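Peer 1: Let's see this in three dimensions:
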Amino acid sequence: MTTSDIDESVRAELNRLRESIDNIDAAVVHMLAERFKCTQQVGLLKAEHQLPPADPAREGRQIARLRQLAESAKLDPAFAEKLLNFIVAEVIRHHERIADESANGDTP
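Peer 2: Presented below is the predicted three-dimensional model:
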């Protein structure tokens, strides 16, 4: 069966759902951009005060918190944890870069 063989009402519903997915994807990207703006500021503050780029205790608390949120939202907690671990790894990479730039006298 091809897309052209689908009943018009099914096609309309499929398009409606896909438009919702596209809107949600856009919102996720914008939320991640905002999150990274905040973590960039955290990285600058840490570099200024010579704090380590990573905070394992905070990361552990965040993972536990996100797993609880995922469970209450009926989302697989393991998936939520993997997603947060991916994001945190990227944040730490940014913080390390900021710290290196700060140590070298570069403006981050």
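
Peer 1: Specify the local secondary structure of residue 52.
Peer 2: coil (DSSP: H, G, I helix; E, B strand; the rest coil).

Peer 1: That one: neighbour count?
Peer 2: 11 (other CB atoms under 10 Å). From N, CA and C alone the C-beta is placed, and that goes for glycine too.

Peer 1: Please verify my assumption that it contacts residue 43.
Peer 2: No - shown here, residue 52 and residue 43 do not form a contact pair, counting by CB atoms under 8 Å, at 11.1 Å.

Peer 1: Quick check: neighbours shared by the two?
Peer 2: When CB atoms under 8 Å, 6 or more residues apart in numbering defines a contact, no residue borders residue 52 and residue 43 alike.

Peer 1: So which elements touch the host helix or strand of residue 97?
Peer 2: Residue 97 is located in helix 77-103, with elements delineated by DSSP states H and E. On a contact count with 3 or more CB pairs under 8 Å, 6 or more residues apart in numbering; DSSP states H and E, helix 77-103 meets helix 8-48, helix 56-72.
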